[in-house]
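In: I need the structure of the sequence given here:
(one chain, ligands or ions: 1)
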Amino acid sequence: MKEIKKVEFVKGIRGTDDILVDGVPQVAFIGRSNVGKSSTINAVLSKKDLVKVGKKPGKTTEINFFSINNKSAYLVDLPGYGYAKLPPAEREKLRKLILWYFMYAEVKPHVVVLVLDVKVGFSPIDKDMLKTLLESGHRVLIGVNKIDKLNQKEFGVAIKKIQKDAGEITVIPYSSLTLLGVNILRDTVFGIFLKSVK
Ligand code: GDP
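Out: Prediction:
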């Protein structure tokens, strides 16, 4: 297992910033509102409330950077997308900020973790996001959260469908609640930046 010893919030940005060009490798997390992206980040970093869970959707309007082990890497928390109840102008603003980071910012993350809810799978808006990420040349990994909500049989059916939609892309199932599978996700996305522990 790989160990994350120290996590610090560095800053939130809404556009071009020095942090994008400081050379620290970035691991980005993106997902539809309410898929459990905040819970995933807390679980991966072994922090209880680093990122507030169950926040009013659409409230995070910045791209937040967290330093892992004294800037061995940044975890980049992007705003959740697709919250239907948000006023259209605000939804559009968030969409533009997300697209800017992936398409125009002067940085390329090491990997982008697209978080899904196992019970929902790929919604049309998730498929759009995946398409955008791949077309922009990003390395993507699909994190499938909330697996504690399904029994083994249901899980088998759901994950098969998700893997089919994901094609060649790696799919990692886990639960932010029970933490089952979270070590695999952590090792896969941050592994090369962290030291091993027994
Ligand atoms: P975000 O909007 O994507 O950041 O989602 P949150 O992390 O705020 O989680 C949304 C809701 O899903 C909250 O009520 C969480 O408690 C719940 N949740 C998140 N991860 C899991 C999980 O793995 N299992 C279950 N059962 N619930 C989860």
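In: The residue lying closest to Lys48 once chain neighbours are set aside: helix or strand, and which one exactly?
Out: Excluding the flanking residues, the one nearest Lys48 by Cβ to Cβ, 6 or more residues apart in numbering is Asn42, at 6.4 Å. Bear in mind the C-beta positions are built from the backbone N, C-alpha and C, glycine included. Per DSSP states H and E: Asn42 is located in helix 37-44.
In: ok, the residue nearest to Lys48 - how many residues close by?
Out: 20 (other Cβ atoms under 10 Å).
In: ok, now which ones touch it?
Out: Lys48, Asp49, Leu50, Val51, Val53, Ser176 (Cβ atoms under 8 Å, 6 or more residues apart in numbering).
In: How much space separates the first one from Ser39?
Out: It refers to Lys48. Per Cβ to Cβ, to the nearest Å, Lys48 is found 10 Å from Ser39.
In: Would you mind telling me which of those two has the busier surroundings?
Out: Neighbour count, other Cβ under 10 Å: between Lys48 and Ser39, Ser39 has more, with 18 against 8.
In: What's the separation between the residue nearest to the more buried one when sequence neighbours are not counted and the ligand?
Out: Nearest residue to Ser39 in three dimensions, chain neighbours excluded: Ser176, at 3.7 Å (Cβ to Cβ, 6+ apart). Going from Ser176 to the ligand by Cβ to the nearest ligand atom, to the nearest Å gives 4 Å.
In: can you check Thr61 too?
Out: Thr61 is 13 Å from the ligand, by Cβ to the nearest ligand atom.
In: Looks like that residue contacts Gly80 (just checking).
Out: No: the criterion here is Cβ atoms under 8 Å, and Thr61 misses it with Gly80 at 10.5 Å.
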